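Asker: Provided below are the primary sequence and the corresponding predicted coordinates.
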Amino acid sequence: MSFSSFKLHPQIEARIKALGYDAPTHIQRQAIPPVLAGKDVMGLAQTGTGKTAAFVLPIIQHLLPGPRGNVRSLIIAPTRELAEQIHVSIGELGRNTHLKSCAIYGGIAVNPQIKKLRAGVDIIVACPGRLLDHLGQQTIDLANLEILVIDEADRMFDMGFLPDIRRIIKQVPVKRQTLMFSATMPDSIRKLTNEVLNDPVTVKVGHTAPANTVSHALYPVAPHLKTKLLIELLTQTDTESILVFTKTKHRAKRIGQELQKAGYAAASLQGNLSQNRRQEALDGFRNGSYQVLVATDIAARGIDVLSISHVINYDMPDTTDAYTHRIGRTGRAAKTGDAFTFISKEDEQQVANIERVLGGKIERRTLEGFDYKQPPPERSTEFSRPPRPPQRRKAGPEPQLANPPREAQPKPRSLSPSAPKPCASPPARTASPSAAKRRYNKTKRGKYPTRKNT
Ligand code: AMP
């Protein structure tokens, strides 16, 4: 099958050619015809399958002949990075069409967004929080909306955005076309599907197993040797761009620094960074100035860098879906990639779960010449966190990805960039075991909301 069978506008076909897409991917073959026919679609596909173009191409085709300057399509994405990437894809695929797209997300000033919106846009790509802010202030009008896309719906749920999605849906016309994409189909998403899609066509690419262009290997290693092993592995392996995943923001930052010390062009991407610094890290990774990017799951969501040759799980992800999402960063489109995961004893159950999804055993490897017997330092300082006094939140824009799930914090919305957004502070961390125990007990009693590490 070729792109010409979709009978897209010659201008769009020219862009597809210019971008070097020879043939539609599996999800594009399945999703583009029903979307072009105006049907609601539920697409089960992970990132790396070409799903963005599967909805962007038909949207451009649909909007091309119509009037300009009204929001006729809205794409909702869970993270700023993904929203930015979709916005960039629209720019690439829709070049010369004079359709205007605008990315709307928090963590950056609102006034430039308002200015762009006032000038008239046809497509909005937005994260739920800032979009609701704009809707509340009537700086976005969705009365003319024709196509709504909810991308990465399962991740939206993980991040606590479903109540926001429902609020947004109340503000869009009932008569519309709705497309929803998700890598997995938990009950929460099935329920949402029934609420928002009308007689949908379901299309899917395989299942939630990682793309088969990725080969997997496990590296059993003691926790105190992980950083040394990582550096040694990078030295011995022929790599292009490498994405390293950690469990916490703190670790992402520390490992980024350790790699820099070891001479690698490395950066970290985690929820504590300002939007500018995140963008700088991402741009540097994309253009090759940084060879290694160390990231947390949520911060790395949707990273679209074709030259990622290796994904290294410094820490085992919490769920098999998180593994799938991480691994989806490599082996994208037609390329191949390697996924290395550092494991210790307590990860065995999770390894078994992943092997079940993959449908076979993953190879265990040891790195030649690496001294696995090195004892832990007297008192391991690796990742021990200095005591931190209780912190008060500073007024200012809330880093969106560091938010606790939104259900936990219904709040009045204000577009004032300086207005502090209420956010439950995490308990202050302390090295004192008794304080840690007190904190644990409090958490157990449910005093503190759970908070995602981004
Ligand atoms: P996505 O799953 O949308 O994140 O896309 C993954 C990558 O595949 C992106 O870099 C796209 O530019 C690329 N891509 C999308 N469609 C095609 C295609 N038909 N042929 C080759 N590459 C593609």
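Answerer: Sure thing, it's come through.

Asker: What ranges does the stretch 1-150 of the chain have for its helices?
Answerer: Taking DSSP state H, counting those that start in this stretch, the helices of the stretch 1-150 of the chain run over residues 10-18, 26-36, 51-63, 80-93, 111-119, 128-136.

Asker: Any chance of TSV for these, columns distance to the ligand, mean pLDDT and mean neighbour count?
Answerer: Using the backbone N, CA and C atoms, a C-beta is placed for each residue, glycine as well. As requested, those are exported to TSV (distance: least, Cβ to the nearest ligand atom, whole Å; pLDDT from 0 to 100; neighbours: other Cβ atoms under 10 Å):
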stretch	distance to the ligand	mean pLDDT	mean neighbour count
helix 10-18	7	94	15
helix 26-36	6	95	22
helix 51-63	3	97	24
helix 80-93	7	93	21
helix 111-119	24	96	14
helix 128-136	20	97	21
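
Asker: Please tell me how far the closest residue to H26 other than its chain neighbours sits from the ligand.
Answerer: Spatial nearest neighbour of H26, chain neighbours left out: V205 (5.0 Å); criterion: Cβ to Cβ, 6 or more residues apart in numbering. According to Cβ to the nearest ligand atom, to the nearest Å, V205 and the ligand sit 10 Å apart.

Asker: correct me, but V205 touches A54?
Answerer: No - contact criterion Cβ atoms under 8 Å: V205 and A54 do not qualify, at 9.6 Å.

Asker: Between these two, which contacts overlap?
Answerer: Residues touching both V205 and A54 (Cβ atoms under 8 Å, 6 or more residues apart in numbering): I27, A45.

Asker: Mind splitting the chain into its structural domains?
Answerer: Domain assignment of the chain by automatic domain parsing yields the ranges 3-205, 214-364.

Asker: Let me know the pLDDT of G43.
Answerer: Model confidence at G43, expressed as pLDDT, equals 95.

Asker: list the contacts for N198?
Answerer: When contacts are taken as Cβ under 8 Å, 6+ apart, N198 is in contact with D40, T178.

Asker: before we move on, what SS does it have?
Answerer: Following DSSP: H, G, I helix; E, B strand; the rest coil, we place N198 in the coil state.

Asker: Roughly how far does it sit from the ligand?
Answerer: Per Cβ to the nearest ligand atom, N198 is found 25 Å from the ligand.

Asker: Over to S289?
Answerer: On the measure of Cβ to the nearest ligand atom, S289 and the ligand end up 19 Å apart.

Asker: Quick check: nearest residue in space to that residue, chain neighbours excluded?
Answerer: Using Cβ to Cβ, 6+ apart, the nearest residue to S289 is A265, at 6.4 Å.

Asker: Let me know how buried the one you found is, in neighbour terms.
Answerer: For A265, the neighbour count with other Cβ atoms under 10 Å is 14.

Asker: What number of residues are in the vicinity of V205?
Answerer: 23.

Asker: What are the neighbouring residues in contact with it?
Answerer: H26, I27, Q30, L44, A45, Q46, T49, K51.

Asker: In those residues, find the pair that's most separated.
Answerer: Q30 and Q46 (14.3 Å; Cβ to Cβ).

Asker: OK, contacts around the nearest residue to K204 once chain neighbours are set aside?
Answerer: Leaving aside its sequence neighbours, K204 sits nearest to L44 (Cβ to Cβ, 6+ apart; 3.6 Å). Residues near L44 by Cβ under 8 Å, 6+ apart: F181, S182, A183, T184, M185, T202, V203, K204, V205, H207.

Asker: Kindly report the same for M180.
Answerer: V41, M42, G43, V149, I150, A153, I189, L192, T193, V196, L197, P200.

Asker: ok, these vs G129, which is closest?
Answerer: I150 (14.8 Å).

Asker: ok, that closest one - how many residues close by?
Answerer: Neighbours around I150, by other Cβ under 10 Å: 27.

Asker: can you check the one 10 residues further on too?
Answerer: G160 sits with 19 neighbouring residues when counted by other Cβ under 10 Å.

Asker: low pLDDT regions in the stretch 151-300 of the chain?
Answerer: 206-213, 298-300 (pLDDT under 70).

Asker: mind redoing it with 50?
Answerer: Within the stretch 151-300 of the chain, the stretches with pLDDT under 50 are 207-209.

Asker: swap in the stretch 301-450 of the chain?
Answerer: 334, 380-450.

Asker: any idea how far the closest residue in space to D347 that isn't next to it in sequence is from R167?
Answerer: Distance criterion Cβ to Cβ, 6+ apart; nearest residue to D347, sequence neighbours excluded, is M316 at 4.3 Å. Distance, M316 to R167, by Cβ to Cβ, to the nearest Å: 35 Å.

Asker: Thank you kindly, that will do.
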